[in-house]
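*Asks:* Here is my input, please return the structure:
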Amino acid sequence: MKQSATEMAKQVALIASDFQRRQTGHAPQSVTVVLSEDTLVITLLEALTPAEKALSQSPQGAAQVQDFHRQLFASSVEEMRQEIKRITGRQVREAATEVETATGTVVHAFTTGAMVQVFLLTPNTPASQSPGNADDLQIGQADDDGLRPVPDAGA
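*Replies:* Next up is the predicted model:
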């Protein structure tokens with residue numbers, strides 16, 4: 001039975017949160033996963049520890065925190081690639097991470113060759129939210145999630 005893109009996104013979010021907690025001892029406040037045609041973007045919100053937030057107050061400290069999280073990502077990316085393949089059935093060709101120290105946001109992007117541009121927006125204020133706005137969702141997906149099974153190379 002084929003999983004829906006939403007179910008896959010939920011599984012990826014749980015794995016990403018668990019990886020962050022195991023690596024830093026601090027779980028993110030929330031995780032957003034967006035599945036698109038050839039791209040998976042994981043955003044870990046409030047992912048920095050209090051010590052990392054304090055260190056990030058200076059430019060040198062922020063650079064240290066960013067470097068630390070890039071090293072954590074590099075050390076776990078293979079395991080994440082395997083989990084993503086297990087969940088989605090698709091191979092990851094490229095992976096990158098970026099840390100926004102001012103907000104404590106960590107973004108992981110896994111692609112199959114696409115260029116990824118990530119724009120982190122300021123939070124909505126209650127007045128700017130319209131009825132039926134899906135901003136509270138933890139799992140997101142594009143209109144066309146594009147997740148298609150990759151044919152088995154042996155088939």
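
*Asks:* For the residue nearest to G25 when sequence neighbours are not counted, grab phi and psi.
*Replies:* Closest residue in space to G25, ignoring its immediate chain neighbours: T49 at 7.1 Å, by C-beta to C-beta, 6 or more residues apart in numbering. For the C-beta atoms, the positions are set from N, CA and C on the backbone; glycine is no exception. With angles defined as degrees, to the nearest 10, T49 sits at phi -70, psi 160.

*Asks:* So which elements touch the helix or strand containing D67?
*Replies:* D67 belongs to helix 59-88 when elements are defined using DSSP states H and E. Other helices and strands packing on helix 59-88, by 3 or more C-beta pairs under 8 Å, 6 or more residues apart in numbering; DSSP states H and E, are helix 5-24, helix 50-55, strand 94-100, strand 105-111.

*Asks:* From the centroid of the chain, which residue is nearest?
*Replies:* Residue closest to the mean C-alpha point of the chain, counted by C-alpha atoms, centre = their mean, is I42 at 1.2 Å.

*Asks:* part of a strand, is that one?
*Replies:* Yes. Assigned with DSSP: H, G, I helix; E, B strand; the rest coil, I42 falls within a strand.

*Asks:* Does it touch V33 like I think?
*Replies:* Yes. The criterion here is C-beta atoms under 8 Å, and I42 meets it with V33 at 5.4 Å.

*Asks:* ok, A27 touching Q20?
*Replies:* Yes. Counting by C-beta under 8 Å, Q20 is a contact partner of A27 at 6.3 Å.
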